[in-house]
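Student: Sharing a model prediction with you, sequence too.
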Amino acid sequence: MMQSLRENMKLIIWITAIVFLVGFGILQLGGVVGETNSQGPKGVIAIINGEPIRYQDFNQLYTQMVQQLTRQRAMQEGEDSYVREQAWQQIVRAKLMEQEARRRHIQVTPEEIKAAVRLTPPDFLMKAPVFQTNGQFDYRKYLSEVDNPNSQLPWSQVETYVAANLPAQKLQDEIVTAAKVSEGDVRDRFLLQNDKLDLHFVGFSPDSFPVDTTRIGGADVETYYKAHPEFFVGPAETKVQVMLVPRAPSETDFAAAKERLQGILDQIRAEPDSFEAFARTYSEIGSAAAGGNVPGEPYSDDMRPSFVKGLRDVKAGQISDILREEKSLHIFRVDNRHPDKATGRERIKYHEIAVRVMPGTEAIRTARGTVAAYTKEAKRAGVAAAATAHGLRTFQSDFFSEGQSGNSLFERFPDVELWCFKAKVGDVSRPIPSEVGWYVYQILDQRKAGLRPLESMGREAKVALIRSLMTAKAAEAAKQARAAILAGMKLEDAAKRYRASHSGEAKDVTRNGYISSFGREPKLVGMLFAMPVKTWSPVLTSESSALFAFIDAHATPSEEEFQKQAPTVRQNILNERRQVAFIEWMKEVRRRAKIVDYRENYFEV
């Protein structure tokens, strides 16, 4: 076992380095959209603040990440681009931390390296089976090997790894030292989770109390806007338009794929019972595991047009020709065809083999030229005009703030999202590659942080005004219901008469704000915690609710319980704040960084 660990030490060290470079588990940090240059330095994938990142080093990191993943499970379609993007993010972070550690003159001594090896073993050694006892890291076993003069482990490699990572670790420690936790912070968090109420409540949803919107005019909206400016402030926001230039295979790619698939079709026709086996081996869709068996019996005319046409004359028990879709080829075995008794439309039962047709080198080269031309045109005439001229699809976003776009592409390429806030209105991005094609973004509009002008917030202000009027009606109904209950009416009867949306009993309500079936209302629940036991609260309102409650019991945790949990609570808060401190620091470093990105010289995604 020691021999195996020694032989794999180099690979393990690299893989573990990847994990370390993630820092506190950060997977998506911002950064500027770097320049791209198809004539970049040979063998260089990026230049970060003047320092090159070699393609060989990047590819080695990517390959090791793939190996780590595939040892656990097979890679899924398109996952290679995701892994490659994570490798990019990690190698950029590592370089920036290395540069910052040098700037701060952070150094490590031989004594610090040996102490770190001894006191804080690298994660890959803690997970090594040779140092495990009953599935847990055994520090005594580890120390025994550290102190063994005849140890066969390559400790020099371990020390080299530790020495390479210690400056970044010391830098990280410096960054997070500002995170502090007070006694009050600990007590507030403890009470948030352990202070509890039992209550009976009656809640009213504003949605149950509509208002006549035809009577709301511009003056009413303006008055509301001026009276509630706090509702119309927000962070910086941007709106973008994007066109998609498809990434499609060429006729040559289809011909080559069809030639390969023809051999499978010939064998299936010679041995029809082999369809399921070939489907499990070659098909690239979800039904492959079931031998190509597609569940159910869809209407045949609901299938894709190419399938409707290609299967028109294929009878039950027969095999179709090879049918073509936009980026795939298909073979069908029709099992049954019959009219639906209710509608008269034909239903079809079938097995399917589907293979993807990927664009080849020539198709990619042609597409890249097309993308470059379309992007140049978009920068001159605008994304919408370029897309219209070439029959491409365009999408327009709503205003979104940083981190709130809901765009999955931004999750994989956070540099692009940051560009949306650093660029100016009218600017056009570089083409962003994906599995389906290249996306080109243009900034349509931007809002600065702070109070939004009424001209741009008229619709939102009207919606907020209508909501406030509905909430006022809900609060009035709640007041009437409360008065009726105090006068002797049963809670259930009052709730029904005055159109309450929810009512009943709620136990163990914490300051987190969840009230049984009513939902989460932390603002209102916080007010209820201030009420005396065995009393009815006044009617309380929030943006989404109006309610009142009878406080049955208030279970306040003891000081002994607090002292018992305080260390764990304190550590949890401290970890959270350290993570936030590191994330914010890294974001700022990425914002200032000058990153020249040559990745598209080497791969598309």
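Tutor: Cool, got the structure.
Student: from here on, contacts and neighbour counts on C-alpha atoms
Tutor: Noted.
Student: On the three-state scheme, residue 388 is what?
Tutor: Secondary structure, DSSP: H, G, I helix; E, B strand; the rest coil: residue 388 is helix.
Student: neighbours around it, how many?
Tutor: Number of residues near residue 388 (other C-alpha atoms under 10 Å) recorded here: 12.
Student: Run through the chain and note the low-pLDDT ranges.
Tutor: Scanning the chain for pLDDT under 70 picks out 1-40, 75-79, 412, 603-605.
Student: center of it, which residue is that?
Tutor: Among the residues of the chain, residue 411 comes closest to the average C-alpha position under C-alpha atoms, centre = their mean, at 5.6 Å.
Student: Next, it: secondary structure please.
Tutor: Per three-state DSSP, residue 411 ends up helix.
Student: quick one: it from residue 596, how far?
Tutor: Counting by C-alpha to C-alpha, to the nearest Å, the gap from residue 411 to residue 596 is 20 Å.
Student: With residue 89 instead?
Tutor: 14 Å.
Student: which residues in the stretch 1-150 of the chain form strands?
Tutor: Applying DSSP state E, counting those that start in this stretch to the stretch 1-150 of the chain gives strands spanning 44-48, 51-54, 132-133, 136-137.
Student: If you drop the residues flanking it in sequence, what lies closest to residue 356?
Tutor: Once flanking residues are discounted, residue 356 sits nearest to residue 328: 4.3 Å by C-alpha to C-alpha, 6 or more residues apart in numbering.
Student: swap that for residue 53, please
Tutor: Excluding the flanking residues, the one nearest residue 53 by C-alpha to C-alpha, 6+ apart is residue 46, at 5.1 Å.
Student: hang on, the one you found packs against residue 598?
Tutor: Yes. Between residue 46 and residue 598 there is a contact under C-alpha atoms under 8 Å: 5.3 Å.
Student: Ramachandran coordinates for the residue nearest to residue 356?
Tutor: phi -160, psi 160 (degrees, to the nearest 10).
Student: give me every residue that touches it.
Tutor: 354, 355, 356, 357 (C-alpha atoms under 8 Å, 6 or more residues apart in numbering).
Student: From residue 403, how far off is it?
Tutor: 35 Å.
Student: go on, residue 387?
Tutor: Note on residue 387: its distance to residue 403, by C-alpha to C-alpha, is 27 Å.
Student: These two - which one has more neighbours?
Tutor: Neighbours were counted for residue 387 and for residue 403 using other C-alpha under 10 Å; residue 387 has more, 21 against 15.
Student: The more buried one against residue 243, yeah?
Tutor: Yes. Judged on C-alpha under 8 Å, residue 387 makes contact with residue 243 at a distance of 6.3 Å.
Student: Touching both of those two, which residues are there?
Tutor: Contact criterion C-alpha under 8 Å, 6+ apart; residues shared by residue 387 and residue 243: 393, 394.
Student: show me where the stretch 101-250 of the chain has helices.
Tutor: Under the criterion DSSP state H, counting those that start in this stretch, helices of the stretch 101-250 of the chain are mapped to 110-119, 123-126, 139-146, 155-176, 183-194, 218-227.
Student: May I see the ones you listed arranged in TSV, with mean neighbour count as well?
Tutor: Converted to TSV, the helices of the stretch 101-250 of the chain look like this (neighbours: other C-alpha atoms under 10 Å):
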stretch	mean neighbour count
helix 110-119	14
helix 123-126	16
helix 139-146	14
helix 155-176	17
helix 183-194	16
helix 218-227	14
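Student: Out of those, which gets nearest to residue 261?
Tutor: helix 123-126 (44.5 Å; C-alpha to C-alpha).
Student: Please identify the buried residues of the helix or strand hosting residue 417?
Tutor: Using DSSP states H and E, residue 417 sits in helix 414-422. Buried positions in helix 414-422, judged by neighbour count with 16 or more other C-alpha atoms under 10 Å: 414, 415, 416, 417, 418, 419, 420, 421.
Student: Ok, stretch 529-540 next?
Tutor: Using 16+ other C-alpha under 10 Å as the test for burial, stretch 529-540 gives 529, 531, 533, 536, 537, 538, 539, 540.
Student: Which ones among these map onto strands?
Tutor: residue 540 (DSSP state E).
Student: Including distance to residue 344, could the buried residues of stretch 529-540 go into CSV?
Tutor: Output for those, formatted as CSV (distance: C-alpha to C-alpha, whole Å):
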residue, distance to residue 344
529, 63
531, 66
533, 67
536, 63
537, 62
538, 62
539, 59
540, 58
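Student: now, among the buried residues of stretch 529-540, which is nearest to residue 446?
Tutor: residue 540 (37.0 Å).
Student: helix, strand or coil for the nearest residue to residue 492 once chain neighbours are set aside?
Tutor: Nearest residue to residue 492 in three dimensions, chain neighbours excluded: residue 503, at 7.3 Å (C-alpha to C-alpha, 6+ apart). Of the three states, residue 503 takes strand under three-state DSSP.
Student: beta partners for residue 503?
Tutor: Counting by DSSP bridges, residue 503 is bridged to residue 202.
Student: residues contacting it?
Tutor: Going by C-alpha under 8 Å, 6+ apart, residue 503 touches 200, 201, 202, 203, 492, 495, 518.
Student: Which members of the residues you listed are the farthest-apart pair?
Tutor: 492 and 518 (15.1 Å).
Student: So the two - more neighbours on which side?
Tutor: Higher neighbour count among residue 492 and residue 518: residue 518, with 19 against 14, using other C-alpha under 10 Å.
Student: from memory the more buried one sits against residue 203, does it?
Tutor: Yes. Residue 518 is in contact with residue 203 according to C-alpha under 8 Å; the separation is 7.2 Å.
Student: where do the contact lists of those two overlap?
Tutor: By C-alpha under 8 Å, 6+ apart, the residues touching both residue 518 and residue 203 are 502, 503.
Student: Assign residue 499 to helix, strand or coil.
Tutor: Applying three-state DSSP: residue 499 is coil.
Student: and it, how many neighbours does it have?
Tutor: The number of residues packed near residue 499 is 19, by other C-alpha under 10 Å.
Student: Repeat that for residue 441.
Tutor: Other residues close to residue 441 by other C-alpha under 10 Å number 28.
Student: do the same with residue 256
Tutor: Quick note: residue 256 (other C-alpha under 10 Å) scores 13 neighbours.
Student: Can I take it that it is in a helix?
Tutor: Yes. Judged by three-state DSSP, residue 256 forms part of a helix.
Student: What distance do you get for it to residue 321?
Tutor: To residue 321, residue 256 is 16 Å away according to C-alpha to C-alpha.
Student: count of neighbours near residue 392?
Tutor: Residue 392 has 14 neighbours, counted by other C-alpha under 10 Å.
Student: Can you tell me how far it is from residue 370?
Tutor: Distance from residue 392 to residue 370, by C-alpha to C-alpha: 12 Å.
Student: I'd like to know which elements the host helix or strand of residue 576 is packed against.
Tutor: When elements are assigned from DSSP H and E, residue 576 belongs to helix 559-592. Applying 3 or more C-alpha pairs under 8 Å, 6 or more residues apart in numbering; DSSP states H and E, we find helix 559-592 packed against helix 79-103, helix 155-176, helix 183-194.
Student: How far off centre is that helix?
Tutor: Offset of helix 559-592 from its chain centre (C-alpha atoms, centre = their mean, to the nearest Å): 22 Å.
Student: Give me the next element, helix or strand, following it.
Tutor: Downstream of helix 559-592, the first helix or strand assigned by DSSP H and E is strand 595-597.
Student: Nearest spatial neighbour of residue 436, chain-adjacent residues omitted?
Tutor: Residue 436's closest residue in space is residue 247 (C-alpha to C-alpha, 6+ apart), at 5.5 Å.
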